[in-house]
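Undergrad: Model the following, please.
(one chain, ligands or ions: 1)
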Amino acid sequence: MAITVVVTGSTSGIGFGIAKGFAGKGANIVMNGFGKPEDIEAKKKELEDAGSGKVLYHAADMTKPEEIADMIATAEKTFGGIDVLVNNAGIQHVAPVEEFPIEKWNMIIAINLSSSFHTISAAVPGMKKKGKGRIINIASAHGLVASPFKSAYVAAKHGILGLTKTVALELAEHGVTVNAICPGYVLTPLVEAQIPDTAKARNMTEEQVKKEVILEAQPTKEFVTVEQIAALAQYLASDDAKQITGTHISMDGGWTAK
Ligand code: NAD
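TA: Numbering: from 1, shown residues only. Take a look at the predicted model:
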């Protein structure tokens, strides 16, 4: 029987890559995130063409707990349960702490941290009942180390690692593992969008930011790809990874080894 995978923020970037990886193995996918209806429809078709089971799009806004609860309930009702929950939705804002807009702080904490609490608390009863489940939180190298001008993002990503460990302990005897993936830089719209702001904050050109800030962080001097992250997510969802819980796996080209 096809497994069911919910991926938040899967209309773009890493989330879409993870959804496509699971789709390629025949999984049912609950796709979520923002986008124009025609773009979402095209992405949905791409997942189906990759070999997915049924693809359900749910537009839950990750800042709205009641919409998140509805997404989880709809997934369970449609597919009879959730096997893998991937908390991936995330945004970024780059500014010095004393100029950091309060509404941006609140949004980043809501989307990058609190939404995972809401999806997890809604999905856990179903997973406990099945005695099986996988929760994968997409954190970041910024869950382990900091960079200037990213106070909200770094705080949220450090927080998600704490949530990962806590819930892993709570579910350890229920057949449910909870882990985080900490990617380094992946060239997605999220990274592309922060280049101009970083350039402004650091008084650099955009080209300098790519070379001297972004790839400077990664000893391999290469971006991580969404396909590599998707493969790791599939491994964490496999039976072979049953004893991996309450931890993170870095995929950051050596960034956090420094
Ligand atoms: P992206 O901008 O390409 O995709 C973000 C997704 O989240 C989109 O589908 C968007 O619609 C969705 N989203 C944003 N706000 C939402 C909301 N309120 N409700 C529902 N969905 C919402 O970004 P990405 O680079 O693919 O990032 C995905 C995750 O990976 C994020 O958590 C990010 O922090 C993390 N990450 C990214 C990188 C990187 O270099 N790109 C590195 C480490 C970690």
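Undergrad: what are the ranges of the helices in the stretch 151-258 of the chain?
TA: 151-171, 189-202, 206-208, 215-217, 226-237 (DSSP state H, counting those that start in this stretch).
Undergrad: can I see the domain layout of the chain?
TA: Using automatic domain parsing, the domain parsing of the chain gives 4-185+224-252, 187-223.
Undergrad: close to the ligand, is the longest one?
TA: Yes: with CB under 6 Å from any ligand atom as the threshold, domain 4-185+224-252 lies in contact with the ligand, specifically through 9-15, 32-34, 61-63, 88-91, 111-112, 138, 140, 183, 185. C-beta: built from backbone N, CA, C; applies to glycine.
Undergrad: Just the ones of these in helices?
TA: Under the assignment DSSP state H, the residues of domain 4-185+224-252 next to the ligand contribute 13, 14, 15 to helices.
Undergrad: and which of those is nearest residue 256?
TA: residue 14 (17.7 Å; CB to CB).
Undergrad: Residue of the stretch 51-200 of the chain nearest the ligand, please.
TA: residue 90 (2.3 Å; CB to the nearest ligand atom).
Undergrad: ranking the domains of the chain by mean pLDDT, which is last?
TA: Lowest mean pLDDT within these: domain 187-223, a mean of 89.
Undergrad: about what we covered before: pipe the ones in helices among the residues of domain 4-185+224-252 next to the ligand into JSON lines and attach neighbour count per row.
TA: Converted to JSON lines, these look like this (neighbours: other CB atoms under 10 Å):
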{"residue": "13", "neighbour count": "22"}
{"residue": "14", "neighbour count": "25"}
{"residue": "15", "neighbour count": "26"}
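Undergrad: Specify which member of the residues you listed is nearest to residue 145.
TA: Relative to residue 145, and with distances defined as CB to CB, the nearest of those is residue 14, at 19.0 Å.
Undergrad: could you list every residue that touches the nearest residue to residue 165 once chain neighbours are set aside?
TA: Closest residue in space to residue 165, ignoring its immediate chain neighbours: residue 246 at 4.8 Å, by CB to CB, 6 or more residues apart in numbering. By CB atoms under 8 Å, 6 or more residues apart in numbering, the residues touching residue 246 are 164, 165, 168, 169, 172, 178, 179.
Undergrad: At which residues are the strands of the stretch 51-200 of the chain located?
TA: 55-58, 84-87, 133-138, 176-183 (DSSP state E, counting those that start in this stretch).
Undergrad: give the contact list for the most centrally placed residue in the chain.
TA: Note on the chain: the residue nearest the mean C-alpha position is residue 88, at 1.7 Å, using CA atoms, centre = their mean. Contacts here follow CB under 8 Å, 6+ apart; on that basis residue 88 touches 7, 8, 9, 10, 14, 15, 18, 138.
Undergrad: Any quick ChimeraX command for the buried ones out of those?
TA: In ChimeraX syntax, the buried subset of these is picked out as below (16 or more other CB atoms under 10 Å):
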select :7,8,9,10,14,15,18,138
